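In: Below is the sequence, then the predicted model.
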Amino acid sequence: DPSLVMCSMATRNDPLRITVGNTHTLSDTGAHRWCLHVTSSEPVVASVVASLHPTFTPSQVALADETHSGEHFELTRIGWGTFVVGLRVHLKDGHTFIENGTEATFIDCSWMLQFDEQNRSETTSVTLRRPSASDFVPPVPVMPEATNVDVNALEADADVDAGAGAAADADADADGSAAAEQQGLGEGYREAVLEALSSRPFLPPKDKSFMHGRLVTGAMKLAKPRCIWKSYQPPRDDHDAEFATGDGEAKLTASEFNDRENEMDVKVRELAKLMQASTKTVLYTGAGISASVVGQAARSGTNMVGWKGNETHCAPTFTHHALGHLGRVGMIHGWVQQNHDGLPQKAGYPQEKLNEVHGSWYDPS
């Protein structure tokens, strides 16, 4: 078996050659000093992240761009044995890796460290789709003037459906299905997003895009979320929240909503693009990501976990593990945590990058 294991390639004739290998020297103490290197035939690589043996801290490390051009990346370490290094090669904006009819903005491969030779490497070819004029996204069109819609009317019209059956999507056609996602990031994507956000005010609760965000324009006809639990009570009895009493006034209630599947897919893909384009991504999280294991203080018709007195022994949720991974690979640069539970640290997020604004009952030592 070859030392370099690469994903299968498609047949389009637009190849990129990637060379992976490592050098090796033996120190006076008998330890092995090795340098992992990844080289591409063209300057189309944005970054390379290596997954090392779990005995290394950190075990996921970005390789240094030695040429500052996106062509040659290196990582040097000292160790005692060989192991398989996982590699994720992130491509620059507009370039995608073609595999079995699908496209990705990164290439996954691996390399088996070797200490038999001073330098060994292997080269393979992958198929890329190059940037085209359609990949460069123009500035997002200005959002049309919001139409004021009574919040209670929206809730009343929404389907109150805890079972989320097929009929729950009946009014989606009237509101318009989710728009097709934008194609590629393009060089101007980040600038277009910043321009759009700077030119748009925060949305009032009556705005039809309030539950989707300021980057949703008239061209993206996202269906309204489905009301899965209707309430006229305030979210919490111990807070001075204005709430709806049934008199038709739009005020804060404890009602709960879920995005429909198509809308969620569109929003997740847009979020991924924003994170790829961002140079400093900071999380600001609260009870929502821990409620399924710790409980919640707010009134709820769907979460029945409650406070069980075992808060210090809870395990991280899938969300914590996903965010912890994104932090370790450099996609998240800071985390403002309102909870006290220590679940981000348990999921592997670095303590030094965490700001626990309300304190913590978790002892990282």
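Out: Sure, I can see it.
In: Can I get the helix or strand harbouring His325 in CSV, CA atoms only?
Out: Element membership of His325 [criterion: DSSP states H and E] is helix 318-328. This file holds the C-alpha atoms of helix 318-328, laid out as CSV (Å, rounded to 0.1, in the frame of the first residue of the first chain):
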residue,chain,number,x,y,z
PHE,A,318,-22.9,17.2,19.9
THR,A,319,-22.9,21.0,19.5
HIS,A,320,-20.1,21.3,22.1
HIS,A,321,-18.0,18.6,20.3
ALA,A,322,-18.6,20.2,16.9
LEU,A,323,-17.6,23.7,18.1
GLY,A,324,-14.6,22.3,20.1
HIS,A,325,-13.3,20.7,16.9
LEU,A,326,-13.8,23.9,14.9
GLY,A,327,-11.8,25.7,17.6
ARG,A,328,-8.9,23.2,17.5
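In: What is the following helix or strand past that helix packed up against?
Out: Counting by DSSP H and E, the next helix or strand C-terminal to helix 318-328 is strand 334-337. Here strand 334-337 touches strand 282-285, strand 354-356, going by 3 or more Cβ pairs under 8 Å, 6 or more residues apart in numbering; DSSP states H and E. To be clear about C-beta, it is placed using only N, CA and C from the backbone, and glycine gets the same treatment.
In: Now strand 334-337: buried residues?
Out: Trp335, Gln337 (16 or more other Cβ atoms under 10 Å).
In: elements contacting the following helix or strand past it?
Out: Downstream of strand 334-337, the first helix or strand assigned by DSSP H and E is helix 343-346. Helix 343-346 sits against helix 318-328, with contacts defined as 3+ Cβ pairs under 8 Å, 6+ apart.
In: how about the helix it packs on: buried residues?
Out: Quick answer for helix 318-328 (16+ other Cβ under 10 Å): Thr319, His320, His321, Leu323, Gly324, Gly327, Arg328.
In: any idea which of those is the one closest to Val38?
Out: Among these, Arg328 lies closest to Val38 (Cβ to Cβ), at 19.0 Å.
In: which one is the closest one nearest to, not counting chain neighbours?
Out: Nearest in space to Arg328, with sequence neighbours left out and distances taken as Cβ to Cβ, 6 or more residues apart in numbering, is Gln60 at 4.6 Å.
In: Tell me the bridge partners for that neighbour.
Out: When bridges are called by DSSP bridges, Gln60 pairs up with Ser51.
In: Can you get me the start-to-end distance on stretch 301-315?
Out: 23 Å (Cα to Cα, to the nearest Å).
In: immediately after the lowest-mean-pLDDT helix or strand in the chain, which helix or strand?
Out: Least confident element among the helices and strands of the chain, by mean pLDDT, DSSP states H and E: helix 172-175 (a mean of 33). Elements were assigned by DSSP H and E; along the chain past helix 172-175, the next helix or strand is helix 189-199.
In: If you count neighbours, what's buried in that following helix?
Out: Quick answer for helix 189-199 (16+ other Cβ under 10 Å): Tyr189, Arg190, Ala192, Val193, Ala196.
In: How about stretch 54-61?
Out: Gln60, Val61.
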